[in-house]
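Trainee: predicted model follows, preceded by the sequence.
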Amino acid sequence: MIGSALLGGIDVHRRAVKAGIARMSFELSVPSRRALLAAATLLPLAGRAAEASAAEPEAARDHYARAARLAGDDPVSRALVRALTPGSQAPSVQAPKPLRIFDNVAVLSTGFVSATAVLTSAGVILIDALSSPDEARKVIVPGLRSVGVDPSTIKYVVAAHGHSDHFGGAQYLADRYGARVMMARADWDLVAAGSPAHAPDRDLEIADGGRLTLGDTTVTLHHTPGHTPGTVSPIFPVRWKGRRHTAMLWGGTNPPTATADKRTYLSSVLSFAARMRRAGVDVELNNHGQSDHGLARMEELRGGSGGNPFVIGRDRAQRFMRVMEAMLRGHIASDQGR
């Protein structure tokens, strides 16, 4: 399997060089800020968690309570607790206007799901492609133009996982601009087995720890299975007012149904947290912006907040992962107690 991935990477490299676009290595209606903030704090965290988990086994409640204590007053981690609390449903919000959240990163969102554009010296690496060709045409394409980026420079579409709200617009972008579509093998298989609408043609496979280099930017793509068998979470450099930071984007948030898959998810959380530590990650991003206070942070940034609210620091980034770990342990304990 490693050999085939490596050979695939070499072939991709040759084709990319021939096209003159990249070098690639697989080495191993707009809401107000107030409305978004109100949605993010709809109910007090402790009360909501207690109400939603009242019927849960005691061991599960203990884990959820620990997650709430870890989150404290951090709005990013508090939003994650809300998102992962059993029975929780995100409120509907309108799509925010496109925004450059970093000098080299733009977010294009429907409110429910977001595409993240990493802007390099040789074009765009797009992480996720929204739910349909129509959303790609009406949200991604004009959204990039509105932040000063030519959508024809999209070179790669990285589908963080094989659900249609993340790959739905990928084939449209491939057909229109010649973008290459990337997904982990397990999720290419998942898509093929389900034959969903708007599925992209099978293209490039992402190896665990694969490095995608375009121009002056390298994105490292880590397998974090659990949400789906082939979920991928990137780590990549970002710049804010010329200063460099390191971002992660968690590729799939909702826990799966099967207990074994939840255990896989938990292992991914632990291993990815270690990778984040080694990489010095101080920026947390998510493709569902209500799961991490991301939509509200966009509005804070748009409103001229003192700093960049996506730069949360290494300690808070690790706290975010510990909160996720505690919530996952709660879900597993809940399965065991039924």
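Mentor: Structure received.
Trainee: in the stretch 101-250 of the chain, which spans are strands?
Mentor: 105-109, 114-120, 123-127, 154-158, 180-184, 204-206, 210-214, 217-223, 232-240, 243-250 (DSSP state E, counting those that start in this stretch).
Trainee: out of these, nearest to residue 85?
Mentor: Among the strands of the stretch 101-250 of the chain, strand 243-250 comes nearest to residue 85, with 17.0 Å by Cβ to Cβ. For glycine as for every other residue, the C-beta is placed from the backbone atoms N, C-alpha and C.
Trainee: quick check: buried residues in that closest one?
Mentor: 245, 246, 247, 248, 249, 250 (16 or more other Cβ atoms under 10 Å).
Trainee: average pLDDT across that strand?
Mentor: Taken as a whole, strand 243-250 carries a mean pLDDT of 98.
Trainee: now do the biggest helix by length in the chain against strand 243-250, angle only.
Mentor: For the chain, the longest helix by residue count, based on DSSP state H, is helix 313-336. Using axes from the mean of the first three to the mean of the last three Cα atoms, to 10 degrees, the direction of helix 313-336 lies 10 degrees away from that of strand 243-250.
Trainee: tell me what helix 313-336 is packed against?
Mentor: For helix 313-336, the elements it packs on are helix 58-71, helix 75-84, helix 259-279, strand 283-286, judged by 3 or more Cβ pairs under 8 Å, 6 or more residues apart in numbering; DSSP states H and E.
Trainee: of those, which stretch is the most buried?
Mentor: Of all the helices and strands packed on helix 313-336, strand 283-286 has the most neighbours on average by mean count of other Cβ atoms under 10 Å, namely a mean of 25.
Trainee: now do it: distance to the chain's middle.
Mentor: 7 Å (Cα atoms, centre = their mean, to the nearest Å).
Trainee: tell me where the model's unsure across the stretch 1-150 of the chain.
Mentor: Filtered on pLDDT under 70, the stretch 1-150 of the chain yields the residue ranges 1-54.
Trainee: 90 instead?
Mentor: Applying pLDDT under 90 to the stretch 1-150 of the chain flags residues 1-56, 87-93.
Trainee: how near is residue 323 to residue 213?
Mentor: 32 Å (Cβ to Cβ, to the nearest Å).
Trainee: those two: which has the busier surroundings?
Mentor: residue 323 (26 against 18; other Cβ atoms under 10 Å).
Trainee: mind listing what the more buried one touches?
Mentor: Neighbouring residues of residue 323 by Cβ atoms under 8 Å, 6 or more residues apart in numbering: 67, 70, 71, 77, 80, 81.
Trainee: of the residues you listed, which is the nearest to residue 140?
Mentor: Distance ranking of those against residue 140, using Cβ to Cβ, places residue 80 first at 25.9 Å.
Trainee: spatially nearest residue to the closest one (excluding sequence neighbours)?
Mentor: Distances taken as Cβ to Cβ, 6 or more residues apart in numbering put residue 323 closest to residue 80, at 5.4 Å, once the chain neighbours are dropped.
Trainee: hang on, residue 304 in a strand?
Mentor: No - with DSSP: H, G, I helix; E, B strand; the rest coil as the criterion, residue 304 is assigned coil and is not in a strand.
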